[in-house]
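Undergrad: sequence? don't have it. structure:
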């Protein structure tokens, strides 16, 4: 987790430096980013903007302050900025079946699929009632019912989720449809193809069950 915290903080302050006249070497902003405390981060950014009164026009400062207020008053915008920042520092993996998942990672895959299952089940139910909503809009609508980790993951893969939701096997139960999509989207973390993700998720769950029985 320490490495991930450092990665997140470095990505975040670089992104905020670009957006809000900051500095990538700003220690106070770095510490605030590592805390992930929205109020603390907002306070540091506002402080930095107000310190520019001698070199930046009032109109520019007012615009920056309004942008900061908008960012932190709407959690989904903050999460979007978080995801965009990480995408810039994490290189994309290979697509398709060429990507591998190790035996040691099976439990992680099984846990991720289980974590996504309730949210995807709710998403499919809401989409059935409001088919004109985009996948991203639906995720934002239901995000308070699930963990930030779950909603961040779904938002990050919302386009893939949208594409694969159209490939869900027909004539199946709502539970089966949600399970199918949860497995496919969970496999996206390892860049697995849909069919390979389904196979690996079944193996992962079987392994977890076996380990739980044998202790």
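TA: Everything's here; your move. All values derive from a computational prediction rather than experimental measurement. Numbers count the residues shown, from 1 in each chain.

Undergrad: contacts for the longest helix along the chain next, please.
TA: Determined from DSSP state H, the single longest helix within the chain is helix 106-129. With CB atoms under 8 Å, 6 or more residues apart in numbering as the test, helix 106-129 has contacts from 101, 133, 135, 138-139, 141-142, 145-147, 149-151, 153-154, 161, 165, 174-175, 177-179, 181-183, 185-187, 189-190, 200-201, 203-205, 207-208, 211. Heads up, the C-betas are built off the backbone N, CA and C, glycines and all.

Undergrad: domains for this protein, by residue range?
TA: For the chain, automatic domain parsing gives the domain ranges 2-89, 103-214.

Undergrad: which one of the ones you listed has the lowest average pLDDT?
TA: If you rank those by mean pLDDT, domain 2-89 sits at the bottom with a mean of 59.

Undergrad: list the buried ones in stretch 146-165?
TA: 146, 150-158, 161, 164-165 (16 or more other CB atoms under 10 Å).

Undergrad: so which of those residues would you say is closest to residue 47?
TA: Nearest to residue 47 out of those is residue 152 (CB to CB; 26.9 Å).

Undergrad: what's near enough to touch the residue nearest to residue 180 when sequence neighbours are not counted?
TA: Distances taken as CB to CB, 6 or more residues apart in numbering put residue 168 closest to residue 180, at 5.6 Å, once the chain neighbours are dropped. With contacts defined as CB under 8 Å, 6+ apart, the neighbours of residue 168 are 177, 180-181.
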